[in-house]
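# Sequence and predicted structure, then a few things I'm wondering about:
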Amino acid sequence: MTWIRKYAPKSLKEYVNQKEAVAKFLAWIKNWKPGKKPLLFYGPPGVGKTALVYAYAHENNLAVIELNASDTRNYSTIRKVIGSSMKGATLFKKGKIFLIDEIDGLAPRYDAGAVNELLKIVKESRYPIVFIANDPYSPKLRHLRENCELVAFKKLSVYDVERRLKQILDAEGIKADKQVLRAIANRNAGDLRGAINDLEVVARGKKEITVKDLDVLGYREREENIFNTLKIIFKTKSPIAAKLSIMNIDKDPDEVFWWIEENVSNEYEKLEEIAKAYDALSIADIFRRRIMKRQNWRLMVYYTDMMTIGVALAKKEMYRKFTRYKPPSVLRTLGMLKYTREKEKQELKDLAEYLRCSTKKVKTEFLPFLKLIYKDRFKDK
Amino acid sequence: MAAKPKEFVVWAEKYRPTKIKDIIDQEHVVNRVKAFLKDRNLPHMLFAGPPGTGKTTLALVIARELYGPQWRSNVLSLNASDERGIDVIRGKIKDFARTKPIGDVPFKLIILDEADAMTAEAQQALRRTMEDFAAITRFILICNYSSKIIEPIQSRCAVFRFKALPEKFQKEFINRIVKGEGLEITEDGIKALLDIAEGDLRKVANLLQAAAAMTKKIDANIVYDVASQAKPKEVEEMLNLAMKGNFLKAREKLHKMLLIEGLAGQDVIKQIYKQSLKLDIPEDKKVELIHLIGEYDFRISEGGDALIQLTSLLAHFALIAKKK
């Protein structure tokens, strides 16, 4: 069983945050009677919209009848599924909830009339119905939206996500440093499902995970591709081959740029070659800047040529060795630091306000002294 | 960082004067300001001068003298180095400037500190606001170099130049702190302070506080010791690594400074420039280095990515050192 299923909340106690949405949902379902407006849950992916319905159903021994975008989605199916079980009772459960998930994925096939029909069914239903959408304000959902009560789900905080990841690791008996969990929480920006999926990729079957293990993430589908590109750039002396090496790659040039940068000194051994390769990267960077500044995409070829051909031709001769190419440390560091940086920025701002100067001055003129004066508090740095 | 500002007492702040009579030196400026305060009227003002000479302090004192304890409701104090975007000028500043003051002073006050960090475009945007709402809002712009403020703004301001404080007045400030904190300081300790601080009272306060954290009896040795400890050594270490041909380790250091500590590329290259003149290499190589640094500084100022540009610079340093 995937961790997503294994650790899906079985009760509201296990359910993570979304306090307002939960309160609204409970007030609605506890007083539900036929004819009441259905709910429309909306919010970004992975924040617990579907999970809330299942957690509540589990806790109260209700059956969930779910229709989502992966089911055959046409009007008659909906009518059949909902219609047929709309009136009957369940054998083993105390009741039912209808869950129509990913409604924004369903809707395109219907005109407003069909949604009307759907709403008619809703009105006849003897059981509560919940719709779920990511973006309730898309025009195609207008009609539905007007006939539903909206319940907003927010992005989860990094803390929420981190805490849940920790609980899962504890349950699995896996050790991890805080940094790893934070990095996973950060890269998934409020999406708990994504974070748990990532965690499973990194941690499943391990006793302990460290920052190094994160390397598999994000690069997992495309690794093959970029490694080939790097091999061509670093081994070839042919400008055309170097130029073509990035043609079919599934990454944007800025990311490829950092992959190349990371591996220049990994492949090349002579300082002359390294300096020459960096010259090319430096010029490429300037072209990138010009493209951005003037939105002048004509210059794109100079940017990509400098970083491919320029780096390829920086070597005197091909190195006949196997090089294990590394993912760019720059991007990894930046990704992991995003959270701590935000926090630090705020602290700097607070200090700047107290000291009545810019954060830059705090850094250059006060911090060196503060570190001496308040040694104990800065120990961790 | 590991602490909230509430937990700190910083002497530079603790001993910042709040009354006009406590302001040290800068008599020529203070006298004119006193006259303005007496009339309860101010022109737009531009305070220019080296750091730690009392520019921000005087601006805040003016605010207090004008509006009394409720000064905060009539004063907007911004740091242009952090809030310098054109959106701040058009938003926050304009919104504040266009509303009427509270109380009996007929105008409000906007203090724009480190104004030389503003781009020319932002300054252009500011110029209109200064004109349009001059009847109900006065500006005090603060900067190190008035030349970085565009002419049209300068011409709308009364320009006051602050000078680095002479020793006599620096000593007066040192004595205030020494007395206030119950310290002892030797004559050569004071000399050392003056030597390092170069007329910057903020530095004086910082040095004293750091020294006092070690001992209550301060002498020259402690002052120099503190000063050298507070000096950033990372750039020097990074350059030494590069010059020894250890490019990878130098690159690692650069990553630490730029990515983890968040230093600005332009600050780092300024340091590189200063350090490179002291490097132990043949003099004619230094010309090559300066040329290189200048070129990369230009590329960064053109908007190049500081990390890639500085890494490239390090690679060239390593190469030049090898050829010597």
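It's in. Numbering: from 1, shown residues only, chains lettered A, B, ... in the order given.
# Show me where the stretch 1-150 of chain A has its helices.
Here the stretch 1-150 of chain A has its helices, by DSSP state H, counting those that start in this stretch, at A:3-6, A:19-30, A:49-59, A:75-87, A:103-106, A:112-124, A:142-146.
# Out of these, the one nearest residue A:372 is which?
Nearest of those to residue A:372, taken as C-beta to C-beta: helix A:19-30 at 44.4 Å. Every residue, glycine included, has its C-beta placed from N, CA and C.
# Next up, phi/psi of the nearest residue to residue A:254 once chain neighbours are set aside, please.
Distance criterion C-beta to C-beta, 6 or more residues apart in numbering or on different chains; nearest residue to residue A:254, sequence neighbours excluded, is residue A:288 at 7.2 Å. With angles defined as degrees, to the nearest 10, residue A:288 sits at phi -60, psi -40.
# hang on, residue A:288 packs against residue A:252?
No. The criterion here is C-beta atoms under 8 Å, and residue A:288 misses it with residue A:252 at 11.2 Å.
# Now do the contacts for the spatially most central residue of chain B.
Nearest to the mean C-alpha position of chain B, by C-alpha atoms, centre = their mean, lies residue B:51 at 5.6 Å. Listed by C-beta atoms under 8 Å, 6 or more residues apart in numbering or on different chains, the contact set of residue B:51 reads A:365, B:144, B:200, B:202-203.
# Pull out the buried members of those residues.
Those of the contacts of residue B:51 that meet the buried threshold are A:365, B:144, B:200, B:202-203, by 16 or more other C-beta atoms under 10 Å in any protein chain shown.
# Residue A:288 and residue A:252 - which one has more neighbours?
Set side by side, residue A:288 and residue A:252 show more neighbours around residue A:288, with 24 against 8, by other C-beta atoms under 10 Å in any protein chain shown.
# I'd like to know how far that one sits from residue B:172.
54 Å (C-beta to C-beta, to the nearest Å).
# For the stretch 151-300 of chain B, which segments count as helices?
Under DSSP H, counting those that start in this stretch, the stretch 151-300 of chain B gives helices at B:151-154, B:167-181, B:187-197, B:201-212, B:220-230, B:234-243, B:247-255, B:265-276, B:283-301.
# Distance to residue A:361 and mean pLDDT added to the ones you listed, as CSV?
What follows is the helices of the stretch 151-300 of chain B, written out as CSV (distance: least, C-beta to C-beta, whole Å; pLDDT from 0 to 100):
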stretch, distance to residue A:361, mean pLDDT
helix B:151-154, 22, 86
helix B:167-181, 19, 90
helix B:187-197, 16, 89
helix B:201-212, 9, 91
helix B:220-230, 14, 85
helix B:234-243, 18, 91
helix B:247-255, 23, 94
helix B:265-276, 11, 89
helix B:283-301, 20, 91
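# out of the ones you listed, deepest packed?
helix B:201-212 (a mean of 25; mean count of other C-beta atoms under 10 Å in any protein chain shown).
# How far does that one sit from its chain's centre?
Its chain's C-alpha centre and that of helix B:201-212 lie 16 Å apart, by C-alpha atoms, centre = their mean, to the nearest Å.
# Now do the same contact list for residue B:199.
B:50, B:52-53, B:163-166, B:170.
# Going by distance to residue A:183, which of the residues you listed wins?
Among the contacts of residue B:199, and counting by C-beta to C-beta, the member closest to residue A:183 is residue B:52, at 40.9 Å.
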